[in-house]
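> okay, structure incoming, though there's no sequence with it:
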């Protein structure tokens with residue numbers, strides 16, 4: 001039987017906490033955000049997409065300036 005599947009959840013929680021602490025130490029506070037925290041996002045400079053609906057959906061009014069943004073979806077043909 002695989003012992004990893006039977007590991008207590010407290011070990012997983014400790015490992016996750018250690019990994020998050022390492023990421024925050026290396027990349028700074030706020031580099032990992034959890035949806036359930038309900039933390040208010042700080043004001044950031046944004047670049048408008050030109051689409052009001054998309055800017056609103058992004059939650060900050062556009063694409064955050066100075067951050068990497070990945071846009072993906074199915075390939076399409078403009079014909």
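Received it, and whenever you're ready, just let me know what you need. These figures come from a predicted structure and were not determined experimentally.

> state the distance from residue 10 to residue 23.
Residue 10 sits 20 Å away from residue 23, going by C-beta to C-beta, to the nearest Å. From N, CA and C alone the C-beta is placed, and that goes for glycine too.

> which of those two has more neighbours?
Shown here are residue 10 and residue 23; by other C-beta atoms under 10 Å, residue 23 has more neighbours (12 against 8).

> just say helix, strand or coil for the more buried one.
Classification of residue 23 using DSSP: H, G, I helix; E, B strand; the rest coil returns helix.

> tell me, what's the model's pLDDT at it?
Listed pLDDT for residue 23 reads 92.

> where's it relative to residue 14, distance?
15 Å.

> with residue 74 instead?
Counting by C-beta to C-beta, the separation of residue 74 from residue 14 is 40 Å.

> ditto for residue 76
According to C-beta to C-beta, residue 76 and residue 14 sit 45 Å apart.

> and those two? Which one has more around it.
Taking other C-beta under 10 Å, residue 76 and residue 14 do not tie; residue 14 has more neighbours (11 against 6).

> which of the helices or strands spans the more buried one?
Here residue 14, judged by DSSP states H and E, is contained in helix 9-27.

> how far is that helix from where the chain is centred?
16 Å (C-alpha atoms, centre = their mean, to the nearest Å).
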